[in-house]
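> take this sequence and fold it.
(2 chains)
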Amino acid sequence: MRTHAKTARTAWLIVGGLVAFMLLLAGCGSSDDDSTGNELQKVGKGEGQLNLISWAGYVEPEWTEPFEKKTGCKVNNKIAGTSDEMVQLMRSGQYDGVSASGNASARLVDGGDVDPVNVDLVPNYETIFADLKDQPYNTFDGVNYGIPHGRGANLLMWNTNDVKPAPTSWDVILDPEKAAEYKGKISAYDDPIYIADAAVYLKAHQPDLGIENPYELNEEQFEAAVNLLEEQRPFVGEYWSEAAKQISAFAGGDSEVGTTWQYQYFELQGAGKPVAASPASQGFLPSEGATGWSDTWMLSSQAEHPNCMYMWMDWIVEPKVNAQVAEYFGEAPAQSLACDQTADKEFCTKYHADNPGFWKRVYYWETPLADCGDGSEDCMDYNDWVQAWTTIKG
Amino acid sequence: MATEAVAERRSVGHRLAGLFNGRPRLQVGALLAGPIGWLVIGYLGSLAVLLVAAFWTVDPLSGEVVRGLSFENFQTLFDEPVYRDIVGRTVLIAALVTVTDAILAFPIAFYMAKVASRRGKAILVVAVLLPLWSSYLVKVYSWRTMLSTDGVINWALEPFGLHGPGFGSTAVWLVMSYLWLPYMILPIYAGLERIPNSLISASEDLGASPFTTFRRVILPLVFPAVVAGSIFTFALTLGDYITPRLVSNDQFIGNVIFNNITNNLPFASALALVPIVVMIAYLLVARRLGAFEHI
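Predicted structure coming up:
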């Protein structure tokens, strides 16, 4: 009995000591991530390695192998599924660069995870489409933080056997009365950023709310968007965040209409499934416009191979390569000269690459911040979006 | 000279051997230092960090973690009804899965331990272990395919005018019960193996009906093993977030932790403490029920 008590006491001492030790560690840990912004002035010799984080389809052997041969930088790629995952991976400090969407870029800049990019060292930057330069998701306080990669819009996709006539508006999944018709068959993107899709819809259908930017929502506008999605909730068959999950849902008849990316649309079409998305005659977009993305290659502030990263950022917007990437992924290239290099000569026209008017109706993903863009702090920040998303899904 | 050098070299090993010789505590200490260090730093250490992080907050403007003592995260957890629903749903499904697995596992384990021939026993053990050799994701995706509208379950039920459960909480319950069944069968099987057949014969000789024998002799003896198995099924269900993501729209504790982890690590930590608290309570009850007496 006595030895038992003694063992127990020793055990408690160990646990107590450990907790104290951890508290000490936690208290001492300091965050010294003030990026001093020591931009590279000249691209030197490659370091032999390059560690990237990218969206699926952005870093493929067709264009990494010639890059490796040319520069001697061996490309190691890590694919991320969501912007949150990208931010998390970048914070590990083990990567040189990332193909960040707008809902990651501001967070990366704020967190000091990325460094400014000296665009003078990227010769191909000059001929990038003007409406992609100096945008709020790649330029902060007048400082460039990356090289535009390409852009696209999120699509409305439907099963042509089940959804008739072909929808021309997001109301088919967002207007409760119309959505009820496809109860249990609606597919929605499983991410807090999906609240912006509701905001785009409300911008068109409830102008009195005064929504300008679907990512800068004050409390009233935000409530309205959240309410709309709560009304949509009972009709949603499935929320997806993995592309494979949505593909299997459309292929297996579980989903009939919903929001998607080019990738899933092409995969399903390739597999002979009866799916359609807003056709060219409607400008590829439902009447309200759509959310979308414009991605930027950013340079990690802890990059171990900055020279290789600079060479990569120039390579990926090289006309031929950028055309390859854009056609492979199904998005509009960022490089204006890429349009002459595409295998499908109509590609740039189809994807509106050189049609700035089209992109006015596409709302690229941004990180929601408390700052409404006019200096007031009345907007709901990303934390509120995450919490609201949990509540919407219930 | 040369022999001296050899002696010198030898003496390191010798001295080390001498150090351990006749000191059993030192021997055991050296042997256990690695695994215990791993356990203490890798497991308990990370738990301690989690506990501490739950009291931090995130600055709403910069998104930076503010290190200080705050109960804000716990306040949110208690005040927002959605988190209560999610915790309730997770614990309920975990309990249902545990009960289902116990009911399914008992007859299988009993057959394996008491009825099957030696050869049959070996085949059954392999059959129970076999699903564990294939990837978790493959199994969950297979279930996803089977449960889908055009899937095999609906196809098989259609002639009877019935429908499968589709995706949802029922699907989560089904898939989890399938996934964790081996973890329930094996402890019960081991528990039943330990019951001497003579006890069952004695009970019959004394005139007890098979049901009474089961209720008064077998069940009390094997109950600790059932509780031990239930710890696995309960804990595994409590922590899983991929199955709910793939076969339902319902959020479980793990899903919400996953959603918050990049943006609000302190809140994710606070949420992660919930299953830990539930599990501690569960283990205390299990200890009361004698689950650890034979370990």
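
> how about the residues of the stretch 1-150 of chain B that lie near chain A?
B:40, B:44-45, B:48-49, B:51-53, B:58, B:60-65, B:67, B:76, B:80, B:82-83, B:85-86, B:141, B:144-145, B:148-150 (Cβ under 8 Å from any Cβ of the partner chain). All C-beta spots, glycine's among them, are computed from the backbone N, C-alpha and C.

> ok, is the host helix or strand of residue B:270 in contact with chain A or not?
Assessed by DSSP states H and E, residue B:270 sits inside helix B:265-288. No. Figure legend: helix B:265-288 not in contact with chain A (Cβ under 8 Å from any Cβ); closest approach 8.5 Å.

> spatially central residue in chain A, please.
In chain A, the residue lying closest to the centroid (Cα atoms, centre = their mean) is residue A:101, at 3.8 Å.

> mind listing the strands for the stretch 1-150 of chain B?
For the stretch 1-150 of chain B, the strands defined by DSSP state E, counting those that start in this stretch occupy B:57-58, B:65-66.

> dump those into CSV; add mean pLDDT and mean neighbour count as well.
Shown next, in CSV, are the strands of the stretch 1-150 of chain B (pLDDT from 0 to 100; neighbours: other Cβ atoms under 10 Å in any protein chain shown):
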stretch, mean pLDDT, mean neighbour count
strand B:57-58, 84, 19
strand B:65-66, 82, 14
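
> dump those strands into CSV; add distance to residue A:148 as well.
Formatted as CSV, the strands of the stretch 1-150 of chain B follow (distance: least, Cβ to Cβ, whole Å):
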stretch, distance to residue A:148
strand B:57-58, 30
strand B:65-66, 31
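
> with adjacent residues omitted, what lies nearest to the closest residue to chain B within the stretch 151-300 of chain A?
Going by Cβ to the nearest Cβ, chain B is nearest to residue A:252 of the stretch 151-300 of chain A, at 3.5 Å. Residue nearest to residue A:252 in three dimensions, not counting chain neighbours: residue B:148, with 3.5 Å by Cβ to Cβ, 6 or more residues apart in numbering or on different chains.

> what comes up buried for the lengthiest helix in chain B?
Ranked by residue count, the top helix of chain B under DSSP state H comes out as helix B:81-110. Residues B:82-83, B:86-87, B:89-91, B:93-98, B:100-102, B:105-106, B:108-110 are the ones in helix B:81-110 that count as buried (16 or more other Cβ atoms under 10 Å in any protein chain shown).

> would you list every one of the helices in the stretch 1-150 of chain B?
Here the stretch 1-150 of chain B has its helices, by DSSP state H, counting those that start in this stretch, at B:2-20, B:24-37, B:46-53, B:72-79, B:81-110, B:118-129, B:136-147.

> as CSV, could you dump the C-alpha coordinates of the fourth one?
Only the C-alpha atoms of helix B:72-79 are listed here, as CSV (Å, rounded to 0.1, in the frame of the first residue of the first chain):
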residue,chain,number,x,y,z
GLU,B,72,-12.8,33.6,-24.0
ASN,B,73,-12.6,30.3,-26.0
PHE,B,74,-14.4,28.4,-23.3
GLN,B,75,-17.0,31.2,-23.1
THR,B,76,-17.7,30.8,-26.8
LEU,B,77,-17.9,27.0,-26.5
PHE,B,78,-20.5,27.3,-23.8
ASP,B,79,-22.5,30.2,-25.2
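
> below-threshold pLDDT in the chain: ranges please.
Went with chain A since none was named. A:1-39 (pLDDT under 70).

> the intended chain is chain B.
For chain B, the stretches with pLDDT under 70 are B:1-10, B:60-63, B:293-295.

> domains of it?
By the assignment in automatic domain parsing, chain B contains the domains B:2-46, B:79-288.

> of the ones you listed, which is nearest residue A:247?
Among the domains of chain B, domain B:79-288 comes nearest to residue A:247, with 11.5 Å by Cβ to Cβ.

> how long is the closest one from one end to the other?
With Cα to Cα, to the nearest Å as the measure, domain B:79-288 spans 33 Å from end to end.

> so how far is it from its chain's centroid?
How far domain B:79-288 lies from its chain's middle: 9 Å, per Cα atoms, centre = their mean, to the nearest Å.

> contacts only, for the closest residue to chain A within the stretch 51-200 of chain B.
Closest residue of the stretch 51-200 of chain B to chain A, Cβ to the nearest Cβ: residue B:148 (3.5 Å). The neighbourhood of residue B:148, defined by Cβ atoms under 8 Å, 6 or more residues apart in numbering or on different chains, consists of A:248, A:249, A:252, A:253, A:254, B:154, B:167.

> do residue A:246 as well
So residue A:246 contacts A:187, A:238, A:240, A:255, A:258, A:260, A:264 (Cβ under 8 Å, 6+ apart).

> separation between it and residue A:276?
Residue A:246 sits 15 Å away from residue A:276, going by Cβ to Cβ, to the nearest Å.

> residue B:232: what's it in contact with?
B:180, B:183, B:184, B:187.

> what do you get if the cut-off is 7 Å, keeping everything else the same?
With contacts defined as Cβ atoms under 7 Å, 6 or more residues apart in numbering or on different chains, residue B:232 is in contact with B:180, B:183, B:184.

> among these, which are located in helices?
Among these, the ones falling in helices (DSSP H) are B:180, B:183, B:184.

> who wins on neighbours among those?
The most crowded member of the ones in helices among the contacts of residue B:232, judged by other Cβ atoms under 10 Å in any protein chain shown, is residue B:184 (30 neighbours).

> pretty sure that residue contacts residue B:103?
No. Counting by Cβ atoms under 7 Å, residue B:184 does not reach residue B:103; the two are 9.5 Å apart.

> ok, how many other residues are close to residue A:279?
Using other Cβ under 10 Å, residue A:279 has 10 neighbouring residues.

> and the gap between it and residue A:167?
11 Å.

> please apply the same query to residue B:289.
58 Å.

> returning to what we had before: in terms of secondary structure, what does the longest helix of chain B contact?
Counting contacts by 3 or more Cβ pairs under 7 Å, 6 or more residues apart in numbering or on different chains; DSSP states H and E, helix B:81-110 packs against helix B:169-193, helix B:219-239, helix B:253-260.

> dump those into CSV; add distance to residue A:270 as well.
As requested, these are exported to CSV (distance: least, Cβ to Cβ, whole Å):
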stretch, distance to residue A:270
helix B:169-193, 28
helix B:219-239, 37
helix B:253-260, 31
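
> tally of neighbours for residue 118?
Picking chain A for this. 17.

> chain B is the one I meant
6.

> same question, the one 5 residues further on
Taking other Cβ under 10 Å as the criterion, the count of residues near residue B:123 is 12.

> picking up where we left off before, test my guess that the residue nearest to the centre of chain A contacts residue A:331.
No. Contact criterion Cβ under 7 Å: residue A:101 and residue A:331 do not qualify, at 11.6 Å.

> can you pull the residues of the stretch 251-394 of chain A lying near chain B?
Neighbours of chain B within the stretch 251-394 of chain A, by Cβ under 7 Å from any Cβ of the partner chain: A:252, A:253, A:254, A:370, A:381, A:382, A:383, A:386, A:390, A:391, A:393, A:394.

> now do 10 Å
By Cβ under 10 Å from any Cβ of the partner chain, the residues of the stretch 251-394 of chain A that approach chain B are A:251-256, A:367, A:369-371, A:377, A:381-394.

> are any of those residues buried, and which?
Buried by 16+ other Cβ under 10 Å: A:251-256, A:367, A:369-370, A:381-390, A:392-393, out of these.

> check which residues of stretch A:259-274 are buried.
Those would be A:259, A:260, A:261, A:262, A:263, A:264, A:265, A:267, A:268, A:273, for stretch A:259-274 by 16+ other Cβ under 10 Å.

> so what sits against both of residue A:101 and residue A:331?
A:55, A:149, A:151, A:292, A:293, A:294, A:295 (Cβ atoms under 10 Å, 6 or more residues apart in numbering or on different chains).
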